[in-house]
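>>> Here is my input, please return the structure:
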Amino acid sequence: MGTINTKIIYRFLGITAILNGLFMFLAVPFSIFNDEPEKWGILNAGIITVFIGIILYFANKPTSTNIQKKEGYLIVTLGWLTLSFTGMLPYLLSGAIPSFTNAFFETISGYSTTGSSILTDIDNMPKGILFWRSATHWIGGMGIIVLTIAILPLLGIGGMQLFMAEAPGPSADKLHPRITDTAKRLYLIYVLLTLLEFLLLKFAGMNWFDAINHAMATMSTGGFSTKGDSIAFYNGKPLIQYIIIAFMFIAGTNFVLTYFALKGKVQKVFKSEEFKYYLFGILSISTIITIIIIFFQDPNLESVLAHPKVLGETESAIRHSLFMVTSVVTTTGFVSADFTMWNFFATGIFFALFFTGGSAGSTSGGVKVVRHIVMLKNSFLEFKKALHPNAIIPVRYDGQTVNKNIVFNIISFFIIYMLIFIMSSVVLTLFGLDFMSALGAAASSLGNIGPAIGSVSPVDNFNHLTDTAKWFCSFLMLIGRLELFTVLILFTPFFWRKN
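Below is the predicted model:
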């Protein structure tokens, strides 16, 4: 391991496991209230996880509390794996998901906020298990790593390296100079918005259990629902869907901008280039999809939407197009309708949106809007340089010159992202998926989206995949959630050198 401080890594993994176990205990009352036998499995899972965490924490007292970049990358990646392997214990010990592979897939899909599922009878799942399933979203959404950064000073451990590894995107905005204070503010916003959505959903007609689960899944841009039909279950209650649209949009917005908006500095929000592209993109694409639904809809559309025309056909088309576009762009993965049944052109648009992503500094996955902006600006500058080869024209973003290293990093990220997508699509065909389904599963897993195309469309799930394919998709979810470099750098020989 060279100069890598393994003891500090073990100690951090211990903290991660302890916190994860404590979250498991929150699911127990739901099982007790509903008199479910699964409560003992969830309780035992929490006890075991906390015990594992205590052993890791107290058995490895580090001589140095300094965390360098190498430790940061290892802690984040191994921390996510620790979450996933301990987080599947409630499924296994309760018997809700007896298969090891399926339990791991469902768990990492939760923590990575992907929302892909292997469950075929969600409506009849135990309430305690459903709550834990949604909780994995909520924990992974902001990142338990960020939560731990906020308490690390109490343990005498610095956290800047962890924050950089957990949020390696191009945005360098900070709410406060101290990284721990930034983490606390981010988490406070996250908690308050979750609570607000819960109250609004309850007011709009959801029962309290469904409201808290959907609030957690929305703010994490996760997509797990307590209903087998996802949000299509509420097609007769438009207000619920509009509330979820609003909070999906907020969750996909840079949390720094959300902080400024809450502080009354709304002008800062609309000065952000990324936010303007993000807002305009969702509205313009939703308009196109609305036109497709109204004028070029598939004959099967009516049966797919299957809802009362409360406010007329136009309102219905606007709501479903806005819902599905926002869901895919923010990588939430909630479903109000099966977009693959609308029109081939509409399906093509949604597939393109798989590679968009929300804003940097949000809980959404994918490539992120800011990266697309920088790449497009750099491409247009290359055209100018072709005509004026001696001109020095820098890429500018939000009125500031973008460092060339950042531009190169973004281009490298996108190239690697697309190469992984292409290779993964080919690999998944080896595991028995047809070509369309392989494309959908690869794009969905890597972008942490959820619903895709082919046999993993919004009305299907991932249960029919082979075990090998499920493990492969789980790996894609992990590297997608941690934005490629954090995980892939561990597979390079120079990472492990002593220098």
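>>> All the strands of the protein, in order from the start?
396-397, 400-401 (DSSP state E).
>>> which residues are contacting the last one?
If I follow you right, that is strand 400-401. If you take CB atoms under 8 Å, 6 or more residues apart in numbering as the criterion, strand 400-401 is touched by 394-395. Placement of C-beta: from N, CA and C, glycine included.
>>> Flag the shaky bits of the stretch 301-450 of the chain, pLDDT-wise.
Low-confidence segments of the stretch 301-450 of the chain (pLDDT under 70): 301-312.
>>> hey, which of the strands of the chain is tucked in deepest?
strand 396-397 (a mean of 16; mean count of other CB atoms under 10 Å).
>>> I'd say residue 219 and residue 246 touch.
No - Residue 219 lies out of contact with residue 246 (CB atoms under 8 Å); the separation is 11.5 Å.
>>> can I get the strands of the chain in JSON lines with distance to residue 379?
As requested, the strands of the chain are arranged in JSON lines below (distance: least, CB to CB, whole Å):
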{"stretch": "strand 396-397", "distance to residue 379": "14"}
{"stretch": "strand 400-401", "distance to residue 379": "17"}
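>>> Which one of the ones you listed lies nearest to residue 434?
Residue 434 lies closest, by CB to CB, to one member of the strands of the chain: strand 396-397, at 40.5 Å.
>>> outside of the closest one, which residues touch it?
273, 370, 373-374, 377, 402.
>>> Check which residues of stretch 265-273 are buried.
By 16 or more other CB atoms under 10 Å, the buried positions in stretch 265-273 come out as 269, 272-273.
>>> ok, now stretch 49-65?
The neighbour-count check on stretch 49-65 (16+ other CB under 10 Å) flags 49-50, 52-53, 56-57, 60, 62 as buried.
>>> Need the residues that contact it.
Under the criterion CB under 8 Å, 6+ apart, residues 5-8, 10-11, 13-22, 24, 86, 89, 155-158 lie in contact with stretch 49-65.
>>> rewinding a little: okay, the buried residues of stretch 49-65 in TSV with pLDDT next?
Converted to TSV, the buried residues of stretch 49-65 look like this (pLDDT from 0 to 100):
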residue	pLDDT
49	96
50	96
52	95
53	94
56	91
57	89
60	71
62	70
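>>> For residue 234, state which of those residues is nearest.
Set against residue 234, the nearest of the buried residues of stretch 49-65 by CB to CB is residue 49 (33.7 Å).
>>> hmm, back to that, looking at the buried residues of stretch 49-65, which are in helices?
49-50, 52-53, 56-57 (DSSP state H).
>>> Just list the residues touching residue 446, thanks.
Residue 446 makes contact with 417, 420-421, 424, 476-477, 479-480 under the criterion CB under 8 Å, 6+ apart.
>>> re the thing from before, could you dump the buried residues of stretch 265-273 to TSV with distance to residue 436 and pLDDT?
Below are the buried residues of stretch 265-273 laid out as TSV (distance: CB to CB, whole Å; pLDDT from 0 to 100):
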residue	distance to residue 436	pLDDT
269	39	89
272	36	89
273	35	91
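>>> Next one: the nearest residue to residue 427 once chain neighbours are set aside, what pLDDT does it get?
Excluding its sequence neighbours, the residue lying closest to residue 427 (CB to CB, 6 or more residues apart in numbering) is residue 472, at 6.4 Å. If you check residue 472, the pLDDT there is 97.
>>> Residue 472 is in contact with residue 424, isn't it?
Yes - applying CB under 8 Å, one finds residue 472 in contact with residue 424, separated by 7.3 Å.
>>> Which one (most neighbours) among the contacts of strand 396-397?
Neighbour count (other CB atoms under 10 Å) singles out residue 370 as the most crowded of the contacts of strand 396-397, with 26 neighbours.
>>> State the distance from that residue to residue 249.
Using CB to CB, to the nearest Å, residue 370 is found at 16 Å from residue 249.
>>> what residues are up against residue 466?
Shown in contact with residue 466 (CB under 8 Å, 6+ apart): 431-432.
>>> 10 Å instead?
Contacts here follow CB atoms under 10 Å, 6 or more residues apart in numbering; on that basis residue 466 touches 101, 428, 430-433, 472.
>>> mind checking how far it is from residue 59?
Taken as CB to CB, the span from residue 466 to residue 59 is 38 Å.
>>> Kindly report the same for residue 16.
For residue 16, the distance to residue 59 equals 15 Å [CB to CB].
>>> What about the closest residue in space to residue 71 that isn't next to it in sequence? Give its phi and psi, please.
Once flanking residues are discounted, residue 71 sits nearest to residue 5: 5.5 Å by CB to CB, 6+ apart. Note on residue 5: backbone dihedrals following degrees, to the nearest 10 are phi -80, psi 90.
>>> check contacts around residue 5.
Listed by CB under 10 Å, 6+ apart, the contact set of residue 5 reads 11, 62-68, 70-71, 74-75.
>>> ok, of the residues you listed, which one's closest to residue 294?
Checking those one by one against residue 294 (CB to CB), the nearest turns out to be residue 75, at 50.8 Å.
>>> Hmm, residue 83 and the closest one touching each other?
No - counting by CB atoms under 10 Å, residue 75 sits too far from residue 83 to count as a contact (12.0 Å).
>>> Overlap of the contact sets of residue 472 and residue 424?
The contact sets of residue 472 and residue 424 overlap at 441-442, 445 (CB under 10 Å, 6+ apart).
>>> Among those, which one has the most neighbours?
Ranked by neighbour count (other CB under 10 Å), these have residue 445 at the top, with 34 neighbours.
>>> show me the contacts for that one.
Taking CB under 10 Å, 6+ apart, we find residue 445 in contact with 108-109, 112, 114, 116, 365, 421, 424, 428, 452, 456, 462, 469-470, 472-481.
>>> change it to 8 Å
Contacts of residue 445 (CB under 8 Å, 6+ apart): 114, 116, 424, 473-474, 476-477, 480.
>>> what's the distance between the closest residue to residue 140 other than its chain neighbours and residue 75?
Leaving aside its chain neighbours, residue 140 sits nearest to residue 111 (3.7 Å; criterion: CB to CB, 6+ apart). Residue 111 sits 15 Å away from residue 75, going by CB to CB.
>>> same check, this time on residue 228
Residue 228 is 37 Å from residue 75, where distance means CB to CB.
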